[in-house]
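Asks: Just need the structure, nothing else, for what follows:
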Amino acid sequence: MTLAELAPAFSHYICQHLKLSDKQATSRSSQFLDSCRKFNKHEISEDQLIEETVRNGFNNVIDAFHIVNQGEVGFRFFTDDRKNGGGITLTDELLQLRTDFQGLSLVQEVEARWNLVETAWLLNIGRNLIIVEADNDEGVLFITTQRRINITSSRDALNGYQKGRCFYCFDEISVASNSNQLADVDHFFPWVLKRDGIMLDAES
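Replies: Sure thing, here's the model as predicted:
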């Protein structure tokens, strides 16, 4: 598939999501995203949007697509053929997604994952708070994290789940920065329970 063939669908979904959440990248600026915003405001035509998408829309996407936790996954959904004057070549692994049972809900899963990352950006939650890993032998996903990291950025999101009360002593807690009852956040995984995917969040 050439970049010109990919551009209409790619830019369409980016434009739709920009209407829901204006932050669609971790970079401070993006010429491509600015063009999508202009299209949403009817300041440029669809042809101009497609041209900009082909020129700048895939600059980081294709290179980063198969990278998870700073490493490349063990299989590829496409190969990069841009240096040969093409776009990408789809692999059997991608086509298999449409034939597996789970592939029936692929669109919904992609949309849900997209919404999750938008929410994390909106709440300013650090991207390194949670790592999802796969155990191929057991056929399960589990969550891990570094042994000790600062997750204060997640305080606002966690507080509602605990109904404004400390997990341990049940005292009232606040997320207001100037409050005497401001919550301190501790986040840990018992290492021995790593494979069970158990997560404990505590505010005190």
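
Asks: Can you pull the domain assignment for this structure?
Replies: 3-122, 146-203 (automatic domain parsing).

Asks: Lowest mean pLDDT across these, which one is that?
Replies: Out of the domains of the chain, domain 146-203 stands lowest, with a mean of 60 (criterion: mean pLDDT).

Asks: give me phi/psi at residue 80?
Replies: phi -90, psi 120 (degrees, to the nearest 10).

Asks: so what's the closest residue to it other than its chain neighbours up against?
Replies: Distances taken as CB to CB, 6 or more residues apart in numbering put residue 62 closest to residue 80, at 5.6 Å, once the chain neighbours are dropped. No exception for glycine: its C-beta is placed from N, CA and C like everyone else's. Listed by CB atoms under 8 Å, 6 or more residues apart in numbering, the contact set of residue 62 reads 80, 82, 88.

Asks: The domains of the chain: which one's closest to residue 137?
Replies: domain 146-203 (10.3 Å; CB to CB).

Asks: which SSE is the residue nearest to residue 80 in?
Replies: Assessed by DSSP states H and E, residue 62 sits inside helix 61-64.

Asks: can you list the domains of the chain in a markdown table and add distance to residue 137?
Replies: Formatted as a markdown table, these follow (distance: least, CB to CB, whole Å):
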| stretch | distance to residue 137 |
| --- | --- |
| domain 3-122 | 14 |
| domain 146-203 | 10 |
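
Asks: CA atoms only: put the helix holding residue 62 into PDB for me.
Replies: Taking only C-alpha atoms (Å, rounded to 0.1, in the frame of the first residue of the first chain), the coordinates of helix 61-64 have been written out as PDB:
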ATOM      1  CA  VAL A  61       4.200   6.400  12.900                       C
ATOM      2  CA  ILE A  62       5.700   3.700  10.700                       C
ATOM      3  CA  ASP A  63       9.000   3.700  12.500                       C
ATOM      4  CA  ALA A  64       7.500   3.400  16.000                       C
END
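
Asks: list the buried ones in it?
Replies: Neighbour-count burial for helix 61-64, counted by 16 or more other CB atoms under 10 Å, picks out residue 62.

Asks: sorry, back to before: so how do I select the buried members of the contacts of residue 62 in PyMOL?
Replies: The buried residues among the contacts of residue 62 can be selected in PyMOL (16+ other CB under 10 Å) with this line:
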select buried, resi 80+88
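
Asks: and of the contacts of residue 62, the nearest to residue 72?
Replies: residue 80 (12.0 Å).
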